[in-house]
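Engineer: Show me how the following folds:
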Amino acid sequence: MDQKTEVIKRYFKLSDLASSSDQARHEIIALFASNAVVKGANGVVVDNPTKISAFFEHFFKDNQVLRHLCQVSISDGNYQAEWAVAGRKSNGKLFAFHGFDTYQFDPKNKIIFLQVEIR
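Structural biologist: Residues are numbered from 1 along each chain as shown. Modelled structure (predicted):
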């Protein structure tokens, strides 16, 4: 498994922990380069470290429990993760989604672009 695939799998593993772990949230944020752009499934675009940190803080506060499955594919150097998630919102409601994340990386294997799509 290459390093970029390992970063993606770590992102999902940490996502399952981050609602109840400050350490996991900090580790997720550390996966991103300082010039990263994140496009959330809700249309929100964040493009600097402060906004990325706030995006994930809000996301993991709203989603109290998460369980992901993911499969990473590489096509022509492009990385995509197909994922499924089940979870519980902060209001107690349960949910399940299926989607795809698209990733780009810098030379240090930091994420410089993440686009999340729910399908």
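Engineer: Report the beta-bridge partner residues of the residue lying closest to Cys70 once chain neighbours are set aside.
Structural biologist: Spatial nearest neighbour of Cys70, excluding adjacent residues (Cβ to Cβ, 6 or more residues apart in numbering): Trp83 at 4.2 Å. Yep, even glycine has a C-beta here, placed from its N, CA and C like the rest. Beta-bridge pairing for Trp83 (DSSP bridges): Cys70, Gly99.
Engineer: cool, the one 5 residues further on as well?
Structural biologist: Applying DSSP bridges to Arg88 yields these beta-bridge partners: Val65, Leu94.
Engineer: That one is in contact with Asp62, isn't it?
Structural biologist: No. Counting by Cβ atoms under 8 Å, Arg88 stays clear of Asp62, with 10.4 Å between them.
Engineer: on that earlier part again, let me know how buried the residue nearest to Cys70 is, in neighbour terms.
Structural biologist: By the criterion of other Cβ atoms under 10 Å, Trp83 has 20 neighbours.
Engineer: What does the pLDDT read for Gly77?
Structural biologist: Listed pLDDT for Gly77 reads 85.
Engineer: Could you list the buried residues of whichever strand or helix holds Val85?
Structural biologist: Using DSSP states H and E, Val85 maps to strand 78-89. Neighbour counts over strand 78-89 (16 or more other Cβ atoms under 10 Å) mark Tyr79, Gln80, Ala81, Trp83, Val85, Gly87 as buried.
Engineer: For the residues you listed, give me TSV that also has distance to Val37.
Structural biologist: Converted to TSV, those look like this (distance: Cβ to Cβ, whole Å):
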residue	distance to Val37
Tyr79	15
Gln80	16
Ala81	17
Trp83	19
Val85	22
Gly87	25
